[in-house]
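Asks: need coordinates for the following:
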Amino acid sequence: MSRFVGVAGILALFIGLVANPFGNLSAAETPLAGVWRIVGTLPAQGGGQDSILALIEVAGDEKSPKITALTHGIEPFKDSKVVDPTIKDGELSFKLSAPMVSLGFVFVVPGSKVVRAGGHMDLRGNLLPAYILKSDKKDLKDVKLESPAEGNDKLEAISKAETVDDKAKIASAMIKDLPGRAATMRGATLVVLAALRSGKPEKAAQVADLAVQAGKEFGRAFSSRIIREISGELAKEKNSADKAAELVGSLLKDLGANPPAQQEAGLLMVLRTALEKTGKTEEATKIAGRLEKLESKLDEEFEKENIPFKPTSFAGRKAGSNRVAVVELFTGATCPPCVAADVAFDGMLKTYAPKDVVLLQYHLHIPGPDALTNAAAEARQNYYEKDIEGTPTILVNGKTGPGMGGSRQGAERSYQAATKLINTSLVDATTPVELAIDAGASGTKVGARVTYKGLKSTENLKLRAVLIEEVVRYPGSNGQRLHHHIVRDFPGGVEGVALKKTEGEESFTVEIPKLREKLKGYLDGFEKENGPFPGGLKPLDLKNLKLVVLIQNDKTHEILQAVQADLPEVK
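Replies: Just a heads-up that it's a prediction; the model follows:
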């Protein structure tokens, strides 16, 4: 089982606050005038967790709103300032800037006085539920900062209801009684999925409007995301694909001629799938070409901005130093504190060559579903057990490294801490152990013959082969779009091959279509129990594969030697 990061720690890294003023409403005053608690909701075991992020005061009129941050709920937002508050087209938007993080917020402006307003927070284009709650005081003294999200019990009731109709009744009641709650939006989505899994795509298309209605309480951009995710599921079935195309087509029209590139790309992806499912091949091909141009543009923009510092080149090591260091990072695409570690990891890829350092990245469902996770990654996490107390965690040669958590602004600090440890391990790392890989491909299979020698003993030693994908496009909710050196499998098993001789060879074969089917089976099983992955994405291209082989002591976890080799592309 994956370990979940504390919600307070997660929210602390990317969530912001909003405002509050006093006084009776005048004709020009915004209905949001007053003091408000900003609350963010993130996925957690049991449904969701609400955390108070800050206390703000809103004043002014709709043309020139004024927002003041009164105090913070989460420590990283200490000394926060509200930037660029605006009210436009019925939505209040602003940025909250603190020394550690800057985050955007949008809240729906009601037509009259209310005690609660829904909205969302924007983490570099990835939207997460948020709301503001009216406060009668200007501090958070004696206020509980964390609590289970409202509606968690209703989510459980939906999961236990036996029929789709019963589930739909509960979701409809939630929309009426609990508007603007993350649980309500989630519940409506679960009903659509339940209908699809029950083999009732027509029913799923009918109840899709429940989820669309629930999403409106979080603002237009968030509603668009919900439509995309629901449509993505509907598009997979022939009898509901037309409904998916209808929803997406309408949304694309509403977005106008120049929609945000990332939002447009997500919608086009769904539209392409729906058109393919309904046999409209020519239209689908046109959409695919348009989509690839957008995705490539977004990839380029991400690569330019991803690393906010300049990685240094490795200075080299003493003559005779030949031990390859192995860096293993446990992270998650929905884990905000993992951003610093991910960016540092990408920086290390630019610093070191594979002859010096091999880098492996394992993804876990932390705190929400992550489609880059697989059974092998979870088994490797369990192998290290107490060495991994949370995520992100980095290990160097099987030993726990420095703390790596933080925001993008803290990535350089994480990079420096990790490279300092790695460089020290490389300076005079001499070993008699040698490893070599001879790789080839035939049809849809890739294979490798691994030779090893130089061992003084084989006690507790295992040889492990690790299959990694060089780069995977998967826009995570923490803002990381491209992920590198993703562990896809352990050919020969995560448990490894027990060595019986001090020198010898082992062979490994991977049939790519079967591996893709295996990974998809894991993701489908997880999705059935936990709901869809963000955007409905399950990237399984399995391109630009590499094989890493390492020899490890299972008693101490020390890695004695490693080697990395590119694998040929298969048909």
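
Asks: how far off centre is stretch 352-361?
Replies: 24 Å (Cα atoms, centre = their mean, to the nearest Å).

Asks: cool, and stretch 389-400?
Replies: The answer for stretch 389-400 is 19 Å, by Cα atoms, centre = their mean.

Asks: can you give me the end-to-end span of it?
Replies: End-to-end distance for stretch 389-400: 10 Å, by Cα to Cα, to the nearest Å.

Asks: which residues outside that stretch are in contact with it?
Replies: With Cβ atoms under 8 Å, 6 or more residues apart in numbering as the test, stretch 389-400 has contacts from 3, 5, 325-332, 335, 337-338, 340-342, 345, 364, 366, 384, 387-388, 401-402, 404-405, 418, 421-422, 425, 552-553, 556-559. Quick note: C-beta positions are derived from backbone N, CA and C, even for glycine.

Asks: buried only: go through the residues you listed for me.
Replies: 5, 325-332, 335, 337-338, 340-342, 345, 364, 366, 384, 388, 401, 404-405, 418, 421-422, 425, 552, 557, 559 (16 or more other Cβ atoms under 10 Å).

Asks: tell me which of those fall in helices.
Replies: Using DSSP state H, 340-342, 345, 384, 418, 421-422, 425 are the members of the buried ones among the contacts of stretch 389-400 that sit in helices.

Asks: ok, the residues you listed vs residue 539, which is closest?
Replies: residue 342 (16.0 Å; Cβ to Cβ).

Asks: grab the nearest non-local neighbour of the closest one.
Replies: Distances taken as Cβ to Cβ, 6 or more residues apart in numbering put residue 480 closest to residue 342, at 5.2 Å, once the chain neighbours are dropped.

Asks: coming back round to it: so which one among the ones in helices among the buried ones among the contacts of stretch 389-400 has the lowest pLDDT?
Replies: Lowest pLDDT within those is found at residue 425 (92).

Asks: quick check: nearest residue in space to that one, chain neighbours excluded?
Replies: The nearest residue in space to residue 425 (Cβ to Cβ, 6+ apart) is residue 325, at 5.3 Å.

Asks: wait, that neighbour touches residue 357, no?
Replies: Yes - using Cβ atoms under 8 Å, residue 325 makes contact with residue 357 at a distance of 4.7 Å.

Asks: quick one: distance of stretch 351-358 to the chain centre.
Replies: 26 Å.

Asks: now that stretch: buried residues?
Replies: For stretch 351-358, the neighbour count (16+ other Cβ under 10 Å) marks 351-352, 354, 356-358 as buried.

Asks: which neighbours do residue 325 and residue 357 share?
Replies: Contacts common to residue 325 and residue 357, judged by Cβ under 8 Å, 6+ apart, are 422, 426.

Asks: residue 289: which of the ones in helices among the buried ones among the contacts of stretch 389-400 is nearest?
Replies: For those, the nearest to residue 289 is residue 342 (30.4 Å; Cβ to Cβ).

Asks: correct me, but residue 299 touches residue 482?
Replies: Yes - contact criterion Cβ under 8 Å: residue 299 and residue 482 qualify, at 6.3 Å.

Asks: quick one: which of those two has more around it?
Replies: Each of residue 299 and residue 482 has its neighbours counted (other Cβ atoms under 10 Å); residue 482 has more, 17 against 14.

Asks: common neighbours of residue 299 and residue 482, please.
Replies: Residues touching both residue 299 and residue 482 (Cβ under 8 Å, 6+ apart): residue 473.

Asks: thinking again about what came up before, just the ones of the contacts of stretch 389-400 in strands?
Replies: Among the contacts of stretch 389-400, DSSP state E puts 325-331, 552-553, 559 in strands.

Asks: just send those back as JSON lines, with pLDDT too.
Replies: Below are the ones in strands among the contacts of stretch 389-400 laid out as JSON lines (pLDDT from 0 to 100):
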{"residue": "325", "pLDDT": "97"}
{"residue": "326", "pLDDT": "98"}
{"residue": "327", "pLDDT": "98"}
{"residue": "328", "pLDDT": "98"}
{"residue": "329", "pLDDT": "98"}
{"residue": "330", "pLDDT": "97"}
{"residue": "331", "pLDDT": "97"}
{"residue": "552", "pLDDT": "98"}
{"residue": "553", "pLDDT": "98"}
{"residue": "559", "pLDDT": "97"}
